[in-house]
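Participant: coords please:
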Amino acid sequence: MATPGKRARAARTTSLLILAGVTLTACSSVGADLPPQTSEPPAPVSITPNTDAEVSPGWDQQPDTAVTPDAELGQAEVDALLRKTASNPAASVRQACLPEQITFAFTQSDAALGHRYASLVAANSSNRSCTVIGWPGIGGRGEWGSAFLLDVEDSPTDPFANDAPNIAQPVTLAPGQGAKATLEWTGDLRGSQSEALSSLVVQLASDQHAKLYSPPTDDAAAAAISAATPEWGGSRIGVAGRDEIDIGMSTTVRVSTWKPINGPSR
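Facilitator: Numbering: from 1, shown residues only. This is a model prediction of the structure:
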């Protein structure tokens, strides 16, 4: 069954590729000769459902000590934030996208009967083609420095595609092109006094390192990014600000497979 606002979401999601092209133009010279990954990828993470024992005492209170900024986390610390690893290894496709080739973005969410829906977009910001496949790995970190204990599931169907079955198929991205994965979150949503999501953690392949994506810090910053992009289908895209993403400590998140985005003809 189609969810409310599906046509509007499709326009926003498709046009988010334009955002990737605009914001990543300055990076197009980077990656002309991308080196292979030199460090060992993280070992597969064993994911278990949330339990009360996982939650540290005082988890719902803002700490008195300084919080390490997301950008200063080490790679091992970022990898440890994953709640579910990607479904496919890089070796399952030719020229798998490396984390350093991809820049992420997040569309504004839509709500229906206690569920939230948005698209995670992965744009190829390098100048060589690469491929993504399957369900991405997902995790999260809060503004107080907490590792979010999300219940992350691989969704069997895609609510943005009339609940069509999700199938792990390779999506090859030429430079400037993007893929999208639907995220649905529900259950224990963040309250007004709870720790907000600071960064989403995304893993493209099960044998690669994860990468942080930090949404704009407020609606004004998100609106500024949206206003700077060309229009698609007569309307501008909606980039989600951090306040709009009410993923909390123990939210259930369902993720769909990567699917291609068809950009405008030039």
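
Participant: Next SSE downstream of the helix or strand hosting Ala123?
Facilitator: Following DSSP states H and E, one finds Ala123 within strand 115-124. Next helix or strand after strand 115-124 toward the C-terminus (DSSP H and E): strand 130-132.

Participant: Show me what that following strand is packed up against.
Facilitator: Here strand 130-132 touches strand 171-173, going by 3 or more C-beta pairs under 8 Å, 6 or more residues apart in numbering; DSSP states H and E. Every C-beta, even on glycine, is put in place using the N, C-alpha and C of the backbone.

Participant: Where does pLDDT dip in the stretch 151-266 of the chain?
Facilitator: The stretch 151-266 of the chain contains residues with pLDDT under 70 at 191-192, 216-244, 262-266.

Participant: Do a quick rundown of the strands in it.
Facilitator: Secondary structure of the stretch 151-266 of the chain, counting by DSSP state E, counting those that start in this stretch: strands at 151-154, 157-158, 164-165, 171-173, 178-187, 197-203, 211-213, 251-255, 259-260.

Participant: now for the ones you listed, which one comes closest to Ser119?
Facilitator: Across the strands of the stretch 151-266 of the chain, Ser119 has its closest neighbour in strand 178-187 (4.5 Å, C-beta to C-beta).

Participant: quick one on the thing from earlier: switch the strands of the stretch 151-266 of the chain over to a markdown table; also include distance to Phe106 and mean neighbour count.
Facilitator: Shown next, in a markdown table, are those (distance: least, C-beta to C-beta, whole Å; neighbours: other C-beta atoms under 10 Å):
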| stretch | distance to Phe106 | mean neighbour count |
| --- | --- | --- |
| strand 151-154 | 16 | 19 |
| strand 157-158 | 17 | 18 |
| strand 164-165 | 22 | 11 |
| strand 171-173 | 18 | 22 |
| strand 178-187 | 8 | 24 |
| strand 197-203 | 7 | 24 |
| strand 211-213 | 7 | 19 |
| strand 251-255 | 13 | 22 |
| strand 259-260 | 16 | 18 |
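
Participant: so which of these comes closest to Gln101?
Facilitator: Here strand 171-173 is closest among the strands of the stretch 151-266 of the chain (C-beta to C-beta), at 8.5 Å.

Participant: pLDDT averaged over the strand holding Ala123, what's the number?
Facilitator: Across strand 115-124, the average pLDDT comes to 87.

Participant: quick one: that strand to strand 251-255, angle?
Facilitator: Here strand 115-124 runs at an angle of 50 degrees relative to strand 251-255 (axes from the mean of the first three to the mean of the last three C-alpha atoms, to 10 degrees).

Participant: Just checking: what are the partner strands of strand 115-124?
Facilitator: Sheet pairing of strand 115-124 (DSSP bridges) gives strand 102-106 (antiparallel), strand 110-112 (antiparallel), strand 178-187 (antiparallel).

Participant: if we can go back for a sec, now the strands of the stretch 151-266 of the chain as CSV including distance to Leu98?
Facilitator: As requested, those are arranged in CSV below (distance: least, C-beta to C-beta, whole Å):
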stretch, distance to Leu98
strand 151-154, 22
strand 157-158, 25
strand 164-165, 28
strand 171-173, 12
strand 178-187, 14
strand 197-203, 12
strand 211-213, 10
strand 251-255, 20
strand 259-260, 19
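
Participant: Ala86 is nearest to which of the ones you listed?
Facilitator: strand 197-203 (4.6 Å).

Participant: Contacts for the closest one, please.
Facilitator: Residues from elsewhere that reach strand 197-203, judged by C-beta atoms under 8 Å, 6 or more residues apart in numbering: 70, 78, 81-82, 85-86, 104, 106, 120, 122, 136-143, 148, 190, 209-215, 242, 245, 247-248.

Participant: Walking through the stretch 1-150 of the chain, point out its helices one by one.
Facilitator: Here the stretch 1-150 of the chain has its helices, by DSSP state H, counting those that start in this stretch, at 6-23, 75-79.

Participant: Quick one, which of the strands paired with strand 115-124 gets closest to Trp258.
Facilitator: Judged by C-beta to C-beta, the one of the strands paired with strand 115-124 that comes nearest to Trp258 is strand 178-187, at 4.3 Å.
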